[in-house]
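1. need a structure here:
(one chain, ligands or ions: 2)
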Amino acid sequence: MTPTEQIEAIAFDPDLSVTEKAERINGLLARAGSQGVPLAVECLKDVSDVGLAEYLTSFLELVPDSGADKARAAEGLRGSGAPAQAAARLVPWFPESLVDAFVRDYLGAADPQSPLTSVIFSLAVHHPDRVRPYADRIDLDIARAALLSGAPDELADALLARWREERDLDDLQALALIRTPRAAELIASVRDDVDDPEDWEWLMPLAGRLPDTGAGAGFGPALMGFVADKDVAPHVMGGDYAEDVPLCARCRRPAERLLSLSVAALPQDLSGDPSFFWFTCDCDEVDVLTVRFTPNGTHVYFSPQGPAAGAARLVPGGERSMVLEKQPNQVGVSIPAIPGRSQHQVGGLPRWPSPETHPICPECGNFMPFLTAVDSGPTLFGPMGFEGLLFGFWCDSCSVSTTRIQY
Ligand SMILES: [Zn+2]
Ligand SMILES: [Zn+2]
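-> Ligands and ions are numbered 1, 2, ... in the order given. Reported below is the predicted structural model:
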């Protein structure tokens, strides 16, 4: 069988579940190494089955770079009928001309049942500025929510005016999700007007500023993260960790390293290499891990600490690395993340399933900026060893990391 026939055999095997099919197709294409992307692109030509198209673009979505190949595959899906919906996964790599072409395709037959509905939604998430001029012709609430990101100051002002009249917190949340300097300024201005001061403490970082210091709620440009083989990138996932790690307070099992970022290879201006950890047991004793990095080793707050066990449950297959690539939307995505179905992120502003206050650094007592989000969804090497979505925060002046989970 040719690789294409093998992929089709898996996709149409009645004895396999959707998850099994996705894992096998990802595995087959990943094992093809540098031939994986061209092979997936080749299979997408003349594809007539929606499921097969989705498996192939799901693979491409997990692979970094290769933007030109992905754009070519998406171009080929235009006008393919139902399989065109699979192009939604490739939107982060669309050049502007292709963004505009898909917007035109959608507007040509704007209809919630259109296979292009998922594409127009993804376009609104990643390229809100190019979709916004047509917002009136897109009858989708979820696309409208995505278009809050970077919305003009007039909308920010109007949301604040409506909140002053109706006092509906949803309007302030929508205002914060615009994530522009104007939106942050307006949220800052209602500090003493909100009914519950605790609401203001999550609204401010949602808009992009920390409530106490007024500093940015995130670090530098927003990057997409991709789980790659060991040593492909300097940012390490899983593997051995030389110093103490947090232990579960109940069963004493050591936490594992989720991610160590290498500052030398980041556009962010940080003074030390942050590491983030997570549990590998199911005790659910606490939902936060805080660690300080010092020249004399790690210091764990609020939990016992001990040597790492070198086990490899958290990241599939032991040690991997994280490849980073710039996100098209640098303002900050305004729709909630879905744990298990989100992209990994470094830098920018967090995309919360539901917004939360940021953690407080135990050293300096200030709110901590967001630095990374690692999702539990599929990788080219199989599923991650946790559920939900992990958020990593970093106090650069104290070299303290905090990792927290949302489901
Ligand atoms: Zn435990
Ligand atoms: Zn601090």
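
2. Quote the end-to-end distance of stretch 84-104.
-> Using C-alpha to C-alpha, to the nearest Å, the span of stretch 84-104 from its first residue to its last is 14 Å.

3. Not counting that stretch itself, show me its contacts.
-> 44, 50, 53-54, 56-58, 60-61, 66-67, 70-71, 73-75, 77-78, 105, 115-123, 125-127, 130-131, 134, 224, 327-328 (C-beta atoms under 8 Å, 6 or more residues apart in numbering). In short, each C-beta sits where N, CA and C put it, glycine included.

4. Restricted to strands, list those residues.
-> M224 (DSSP state E).

5. got a pLDDT number for D111?
-> Listed pLDDT for D111 reads 81.

6. residues contacting the nearest residue to it once chain neighbours are set aside?
-> Excluding its sequence neighbours, the residue lying closest to D111 (C-beta to C-beta, 6 or more residues apart in numbering) is T117, at 7.9 Å. Residues near T117 by C-beta under 8 Å, 6+ apart: Q85, Y106, D111, L140.

7. ok so, going back, which among the contacts of stretch 84-104 count as buried?
-> By neighbour count, with 16 or more other C-beta atoms under 10 Å, the contacts of stretch 84-104 hold 44, 50, 53-54, 56-58, 60-61, 66, 70-71, 73-75, 77, 105, 115-123, 125-127, 130-131, 134, 224, 327-328 as buried.

8. okay, now the residue of the stretch 201-350 of the chain found nearest ligand 2: neighbour count?
-> Nearest residue of the stretch 201-350 of the chain to ligand 2: R292, at 8.8 Å (C-beta to the ion). Using other C-beta atoms under 10 Å, the number of residues around R292 comes to 17.

9. P304 now?
-> 12.

10. ok, it - contacts?
-> Residues near P304 by C-beta under 8 Å, 6+ apart: P246, L247, A249, R252.

11. could you dump those residues to TSV with neighbour count?
-> TSV is the format used below for the contacts of P304 (neighbours: other C-beta atoms under 10 Å):
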residue	neighbour count
P246	26
L247	21
A249	12
R252	11
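
12. now for the residues you listed, which pair is the farthest apart?
-> P246 and R252 (10.5 Å; C-beta to C-beta).

13. which stretches of this structure form helices?
-> 3-11, 18-31, 36-44, 50-62, 67-77, 96-108, 117-126, 128-131, 141-146, 153-166, 169-176, 181-189, 197-207 (DSSP state H).

14. how about these, which one is nearest D231?
-> Taking the helices of the chain one by one with C-beta to C-beta, helix 18-31 is closest: 16.0 Å.

15. Show residues contacting that closest one.
-> With contacts defined as C-beta under 8 Å, 6+ apart, helix 18-31 is touched by 3, 6-7, 10-11, 13, 16, 36-37, 39-40, 51, 55-56, 58-59, 62, 378, 380-383.

16. Can you flag the buried ones in those residues?
-> Neighbour counting by 16+ other C-beta under 10 Å classes 3, 7, 10-11, 36-37, 39-40, 51, 55-56, 58-59, 62, 378, 380-381 among the contacts of helix 18-31 as buried.

17. The residue nearest to R130 when sequence neighbours are not counted and ligand 2, how far apart?
-> Distance criterion C-beta to C-beta, 6+ apart; nearest residue to R130, sequence neighbours excluded, is V99 at 5.0 Å. Distance, V99 to ligand 2, using C-beta to the ion, to the nearest Å: 40 Å.

18. swap in D157?
-> From D157 over to ligand 2 (counting by C-beta to the ion), the distance is 35 Å.

19. ok, now which ones touch that residue?
-> Per C-beta under 8 Å, 6+ apart, neighbours of D157: R182, L186.

20. ok, now how distant is the residue in the stretch 1-150 of the chain positioned nearest to ligand 1 from A73?
-> Nearest residue of the stretch 1-150 of the chain to ligand 1: T19, at 26.6 Å (C-beta to the ion). Between T19 and A73 the computed distance is 23 Å (C-beta to C-beta, to the nearest Å).

21. ditto for G365
-> 50 Å.

22. what do you get for A176?
-> Taking C-beta to C-beta, one finds A176 at 36 Å from A73.

23. what does D157 give?
-> D157 is 42 Å from A73, by C-beta to C-beta.

24. who's in contact with E256?
-> Taking C-beta under 8 Å, 6+ apart, we find E256 in contact with 238, 241, 245, 277-278, 280, 308-309, 311-315.

25. want to throw those residues into JSON lines with distance to G340 and neighbour count?
-> Below are these laid out as JSON lines (distance: C-beta to C-beta, whole Å; neighbours: other C-beta atoms under 10 Å):
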{"residue": "G238", "distance to G340": "19", "neighbour count": "26"}
{"residue": "Y241", "distance to G340": "25", "neighbour count": "20"}
{"residue": "V245", "distance to G340": "25", "neighbour count": "23"}
{"residue": "F277", "distance to G340": "20", "neighbour count": "27"}
{"residue": "W278", "distance to G340": "15", "neighbour count": "26"}
{"residue": "T280", "distance to G340": "18", "neighbour count": "17"}
{"residue": "A308", "distance to G340": "26", "neighbour count": "20"}
{"residue": "A309", "distance to G340": "26", "neighbour count": "16"}
{"residue": "A311", "distance to G340": "22", "neighbour count": "14"}
{"residue": "A312", "distance to G340": "20", "neighbour count": "18"}
{"residue": "R313", "distance to G340": "17", "neighbour count": "17"}
{"residue": "L314", "distance to G340": "15", "neighbour count": "23"}
{"residue": "V315", "distance to G340": "16", "neighbour count": "27"}
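
26. export the residues you listed to a markdown table and tack on pLDDT and distance to L258?
-> A markdown table is the format used below for these (pLDDT from 0 to 100; distance: C-beta to C-beta, whole Å):
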| residue | pLDDT | distance to L258 |
| --- | --- | --- |
| G238 | 96 | 8 |
| Y241 | 95 | 10 |
| V245 | 97 | 11 |
| F277 | 97 | 6 |
| W278 | 96 | 5 |
| T280 | 89 | 10 |
| A308 | 95 | 12 |
| A309 | 91 | 15 |
| A311 | 67 | 13 |
| A312 | 75 | 12 |
| R313 | 88 | 11 |
| L314 | 94 | 6 |
| V315 | 95 | 7 |
